[in-house]
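[1] sequence plus the predicted model coming up.
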Number of protein chains: 2
Amino acid sequence: MPLPYRWLTSLMVRYNGMNILIDAGEGTQIAMKKKGWSPKPIDVICFTHFHADHISGLPGLLLYMGNSDRTEPLLMVGPKGLERVVAGLRAIVPELPFEIVYRELTGTEEEIDFPKDSDYRDLHIHAFRVNHNMLCYGYSIMLDRIGQFDVEKAISLGIPKQSWSHLQKGEQVTGDSGTVFTPDMVLGAPRKGLKVTYTTDTRPCEAIVRNAEGSDLFICEGMYGEPDKIEKAKEHKHMTFTEAAELARKADVKELWLTHFSPSLIRPEDFMDGVRKIFP
Amino acid sequence: MPLPYRWLTSLMVRYNGMNILIDAGEGTQIAMKKKGWSPKPIDVICFTHFHADHISGLPGLLLYMGNSDRTEPLLMVGPKGLERVVAGLRAIVPELPFEIVYRELTGTEEEIDFPKDSDYRDLHIHAFRVNHNMLCYGYSIMLDRIGQFDVEKAISLGIPKQSWSHLQKGEQVTGDSGTVFTPDMVLGAPRKGLKVTYTTDTRPCEAIVRNAEGSDLFICEGMYGEPDKIEKAKEHKHMTFTEAAELARKADVKELWLTHFSPSLIRPEDFMDGVRKIFP
């Protein structure tokens, strides 16, 4: 529930001009503007599920994007039923100057990739089904990082310097003599990239541990701070802070952010000692 | 457009336990909570029209009311198409523990009354069509005020004191001897009641002047503060501050509130001198 002092849970990821938003509850566009960001350049909106607190801000976002004269298509990703739900909401935003491309998720895990010739080809979204009282997905957003460029090898192969940046971008180049040089000739093994995993509205489950594994940042719901609210958490298919901390520990993530608090949870910091005993 | 420092235009009227909300844009439930009010006891929601900034907060309101275990029916009033639009939005709030009763407006003016045996039988909502780029209505909310109770007359007629309050409520009573007493025997002519008129998203028009006439409070849109934005106002079917002030003057209202400002209108108070020259 949105509160005067607490916006609904949502995540904006920006990389190389690419903007990905996960979830858009009521007021998300206001929170975004407060941050100094504009909804206009959002390229992808992923929905975890269709409860109102995760999608009711969509009509306002679409209206804003339309009024900003956006023309680029918008990719929407979400559980099966996405197009029907969005069509319903569009009763109040019927006209838009841009196309919406729908990607409905049906599998237990699905991959969303971007065009190989784009500036964000090294970004990947991985959706994984979690365990809520309706079809719900978590998302990992991963940024590849290519191997180190071997300068000595490039010189010894006689690759002209002006071709080096193309090889670093993963493109093959042809030398003056017609020789073809490929990235694998000069790049080492891929290095560890960046990984952010986001999951809300779910009981703890194996798919979360597996998909969050090694994340640099793990954003996880913590509906209840009190460990003794575990029965309530089970009933409503949410989790407690300590359950989220257990997931972070098992998935060996670098950092955990807790979010999606119950309105009754006024002082989440009161429960952090218990959390840090499990995941520092 | 909702902004971090400005909620969308909406009005809540409360009388004798009856709660009427006009318009519910994105964030209205947050603004309401900030005020210390709950959306749970809303009995009537009136919509001026179906642009997203006037209705996109409805799913969140309904969800809140449903989660509060409300069971009383909710009356919704709005232009023709209301039920279709709300059905669309309910794609994200499919289950509700209370009934929604729809009243679709089709005439140029329509009256919404309440049951004669309710505590708010003296409240009336009057809807009137205005002039926007889609079907749009303004609303007057009126509270009747009965005539003064004539104590001397009641005594001379021999009406028992315990019946007086019933007569004041407009009910007839029967004395011990079987004599029937009716309110008109002891009440003077109806006195001036209270009237609030609310209209947004419209060009100035005769229906506004006529319906706002004599209002104690006239809440009117003022999209543009600058009088030279009149052409823009005409194009988008809104009005300037001075146009709203003219309406207030013509309708001879007691007080005018300007609202529904353009996001580009940062300091509305800068234009108040011009407004006060027309309507103090």
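    All right, it came through fine.

[2] surely residue A:202 touches residue A:237?
    Yes. Counting by Cβ atoms under 8 Å, residue A:202 touches residue A:237, with 6.7 Å between them. Placement of C-beta: from N, CA and C, glycine included.

[3] anything in contact with each of the two?
    Common contacts of residue A:202 and residue A:237 (Cβ atoms under 8 Å, 6 or more residues apart in numbering or on different chains): A:131-132.

[4] now do residue A:108 against residue A:201, distance only.
    17 Å (Cβ to Cβ, to the nearest Å).

[5] who's more crowded, the two?
    Shown here are residue A:108 and residue A:201; by other Cβ atoms under 10 Å in any protein chain shown, residue A:201 has more neighbours (26 against 10).

[6] in the stretch 151-280 of chain A, what residue lies closest to chain B?
    Ranked by Cβ to the nearest Cβ, the top residue of the stretch 151-280 of chain A for proximity to chain B is residue A:263, at 9.5 Å.

[7] comparing residue A:202 and residue A:237, which residue is more hemmed in?
    residue A:202 (25 against 16).

[8] can you pull the residues of chain A lying near chain B?
    Residues of chain A found near chain B, taking Cβ under 8 Å from any Cβ of the partner chain as the criterion, are A:1-4, A:25-27, A:29-31, A:33-34, A:50-53, A:55-57, A:59-60, A:62-64, A:67, A:84-85, A:87-93.

[9] apply 7 Å and report the result again.
    Applying Cβ under 7 Å from any Cβ of the partner chain, we find that chain A lies next to chain B at A:1-4, A:26-27, A:29-30, A:33-34, A:50-52, A:55-57, A:59-60, A:63-64, A:84-85, A:88-89, A:91-93.

[10] please list only the buried members of those residues.
    A:1-2, A:26-27, A:29-30, A:33, A:50-52, A:55-57, A:59-60, A:63-64, A:85, A:88-89, A:91-93 (16 or more other Cβ atoms under 10 Å in any protein chain shown).

[11] so which of these are in helices?
    Judged by DSSP state H, those include A:29-30, A:33, A:52, A:55, A:59-60, A:63-64, A:85, A:88-89 as members of helices.

[12] the residue nearest to the spatial centre of chain A bridge partners, please.
    Note on chain A: the residue nearest the mean C-alpha position is residue A:141, at 4.7 Å, using Cα atoms, centre = their mean. When bridges are called by DSSP bridges, residue A:141 pairs up with residue A:125, residue A:196.

[13] thought it was touching residue A:11?
    No. The pair residue A:141 / residue A:11 is not scored as a contact, 8.7 Å apart, by Cβ atoms under 7 Å.

[14] hmm, back to that, element containing the residue of the stretch 151-280 of chain A closest to chain B?
    When elements are assigned from DSSP states H and E, residue A:263 belongs to no helix and no strand.

[15] per-residue confidence at it?
    If you check residue A:263, the pLDDT there is 93.

[16] now swap in residue A:270 and tell me
    Residue-level pLDDT assigned to residue A:270 equals 97.

[17] how about it, nearest residue that isn't a chain neighbour?
    Nearest residue to residue A:270, sequence neighbours excluded (Cβ to Cβ, 6 or more residues apart in numbering or on different chains): residue A:225, at 6.6 Å.

[18] just the strands in chain A please.
    Along chain A, counting by DSSP state E, strands occupy A:11-15, A:18-22, A:44-46, A:74-79, A:100-105, A:109-112, A:123-129, A:137-145, A:173-174, A:180-181, A:191-199, A:217-221, A:256-259.

[19] just put these in CSV and tack on mean pLDDT.
    As requested, these are exported to CSV (pLDDT from 0 to 100):
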stretch, mean pLDDT
strand A:11-15, 95
strand A:18-22, 96
strand A:44-46, 98
strand A:74-79, 98
strand A:100-105, 98
strand A:109-112, 97
strand A:123-129, 97
strand A:137-145, 96
strand A:173-174, 89
strand A:180-181, 92
strand A:191-199, 95
strand A:217-221, 98
strand A:256-259, 98
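
[20] turn those into TSV, columns for distance to residue B:38.
    Putting the strands of chain A into TSV (distance: least, Cβ to Cβ, whole Å) gives the following:
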stretch	distance to residue B:38
strand A:11-15	29
strand A:18-22	30
strand A:44-46	31
strand A:74-79	31
strand A:100-105	35
strand A:109-112	40
strand A:123-129	36
strand A:137-145	33
strand A:173-174	66
strand A:180-181	69
strand A:191-199	31
strand A:217-221	25
strand A:256-259	25
